[in-house]
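Participant: Here is a sequence with its predicted model. Questions after.
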Amino acid sequence: MSAHNLQEIESFLYLESSYLDQPDLDKWVDLFTEDGKYWMPASETQKDPLNHVSHIYDDRVMMEIRRRNFVHPRSSSKNHLTRCSHIIGNIQINSGENVDEINVTSNMHVIVWYREEQQIYAARCKHILLKQEEKFKIRLKRVDLINPEAPQKSLVVYL
């Protein structure tokens, strides 16, 4: 990968973060492929999301349901402002298993303000990206919290 591609990927990850910071889940869900997945394992050594409990394992349909629930006028999330701040660093491009895929890892710190309470999350992220029509799409976003076994408060938005 050239430096230009790294810049493109960094810009894409920053765009994704800005959608989550706003939060604009309409635009964020559109960043995923039709078969895209969002996964937050509940254990550091978790190898697959189907045979183990995860904090979150959403396919595109579940992301759409969460998005609709989040923006619904009578949703309880509408009673309180949700504010987020994502900081992403240490972005690295790794070779993918599939020639069409781009494997990207990064570190992420997120601060979420919801219901007059601030939560801080730190994680190592893995994105599997595809380039479709000159734009990146997310096939998989895996968020490995640094403390996945710790009790987690209800996550009102994606990290």
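Facilitator: Here it is on my side, so go on. Numbering: from 1, shown residues only.
Participant: Stretch 12-26: which residues count as buried?
Facilitator: Within stretch 12-26, the residues that count as buried by 16 or more other C-beta atoms under 10 Å are F12, L13, E16, S17, Y19, L20, D21, P23, L25. All C-beta atoms are positioned from the backbone trio N, CA, C, and that covers glycine.
Participant: is it true that the first one touches K131?
Facilitator: No. Under the criterion of C-beta atoms under 8 Å, F12 is not in contact with K131, lying 9.9 Å apart.
Participant: so how far is stretch 110-117 from its chain's centroid?
Facilitator: Centroid separation for stretch 110-117 versus its chain: 17 Å, with C-alpha atoms, centre = their mean, to the nearest Å.
Participant: and the next element down the chain from the longest helix out of those in the chain?
Facilitator: As assigned by DSSP state H, the longest helix anywhere in the chain is helix 3-21. Per DSSP states H and E, the first helix or strand lying C-terminal to helix 3-21 is helix 25-29.
Participant: Contacts for that next one, please.
Facilitator: In this structure, residues lying in contact with helix 25-29 by C-beta atoms under 8 Å, 6 or more residues apart in numbering are E16, Y19, L20, R60, M63, E64, R66, R67, F70, V71, V157, Y158.
Participant: Over to stretch 134-142?
Facilitator: The contact list for stretch 134-142, computed with C-beta under 8 Å, 6+ apart, reads 8-9, 12, 16, 31-33, 35-41, 101-102, 125-131.
Participant: Could you pull out the buried residues of it?
Facilitator: By 16+ other C-beta under 10 Å, the buried positions in stretch 134-142 come out as F136, K137, I138, R139, L140, K141, R142.
Participant: before we move on, back to that, wait, which of the buried residues of stretch 12-26 is closest to Q152?
Facilitator: Closest to Q152 out of those is L20 (16.9 Å), distances taken as C-beta to C-beta.
Participant: how about the strands of this protein, start to end?
Facilitator: Secondary structure of the chain (DSSP state E): strands located at 32-41, 54-59, 82-94, 101-114, 117-132, 135-145.
Participant: So which of those is nearest P151?
Facilitator: Among those, strand 54-59 comes nearest to P151, with 10.7 Å by C-beta to C-beta.
Participant: Just the angle for that closest one relative to strand 32-41, thanks.
Facilitator: Inter-element angle recorded for strand 54-59 and strand 32-41: 170 degrees (by axes from the mean of the first three to the mean of the last three C-alpha atoms, to 10 degrees).
Participant: Output the contacting helices and strands for strand 54-59.
Facilitator: With contacts taken as 3 or more C-beta pairs under 8 Å, 6 or more residues apart in numbering; DSSP states H and E, strand 54-59 sits against strand 32-41.
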